[in-house]
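*Asks:* need a 3D model of the sequence below.
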Amino acid sequence: MGDVDGIRALIEASVRGLSEGYYTAAQIEWSVGTVLGLDTQLILDGTYFVVEAGGGAGLAASGGWSFRRTLCGGDGAPNREDSRVYPGSEAAKIRAIFVHPDLARRGLGSAVLAYVEAAAEEAGFRRFEMGSTLPGQPLYRLRGYVEEETFLIPLGNGEALPVVRMVKAI
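*Replies:* Below is the predicted model of the structure:
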């Protein structure tokens, strides 16, 4: 919990710096902190991780996985479901992978994804699913995820944010 402020700053920088061209400025601003924000339940569950930039430069990346039904979104998102999913019959949720825009495309997203998949696999999960942002789709495709559906999450300004449910079996 001591990293919460740093994680929130990382998420905001990542969303604002890497979403241009995929989402409108209004979608970006209204999604920061809610739909694209920190879900502190992941920290409390011990399934959220950070990568430090080194040299006191702050956080470089973050991400996690969950055994709860919430597919995506931060603490303020409208689509929360905190009941549990089970390894034998359901998919672990891969959640909130963000990379600082100054460090993008250097393998940090792939490294975080591999780490959280391994942690979920260690917990017994053999399937993963996520709610991917549009800028995240290319990375997840490269890592074996397949698009299942695109859905819209309502934003507070009357617009909606397109998100893609992606799945992977191991």
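*Asks:* when you work out contacts or count neighbours from here on, use the C-alpha atoms and nothing else.
*Replies:* Fine.
*Asks:* tell me the secondary structure for the residue of the chain most remote from its centre?
*Replies:* For the chain, the C-alpha lying farthest from the average C-alpha position belongs to residue 55; by Cα atoms, centre = their mean, that distance is 25.3 Å. Secondary structure of residue 55, reduced to three states by DSSP: H, G, I helix; E, B strand; the rest coil: coil.
*Asks:* for residue 94, same thing?
*Replies:* Secondary structure for residue 94, judged by three-state DSSP, is strand.
*Asks:* quick one: contacts for residue 164?
*Replies:* Counting by Cα atoms under 8 Å, 6 or more residues apart in numbering, residue 164 touches 130, 131, 132, 133, 134, 137, 147, 148, 149, 150, 151.
*Asks:* do you know the pLDDT at it?
*Replies:* As predicted, residue 164 sits at a pLDDT of 98.
*Asks:* measure it to residue 96 for me?
*Replies:* As for residue 164, its distance to residue 96 is 13 Å (criterion: Cα to Cα, to the nearest Å).
*Asks:* try residue 85
*Replies:* Distance of residue 85 to residue 96, computed by Cα to Cα: 18 Å.
*Asks:* now the strands: where do they sit in the protein?
*Replies:* Counting by DSSP state E, the chain has these strands, from start to end: 48-52, 59-66, 92-99, 127-132, 146-154, 160-169.
*Asks:* who's in contact with residue 135?
*Replies:* 18, 19, 22.
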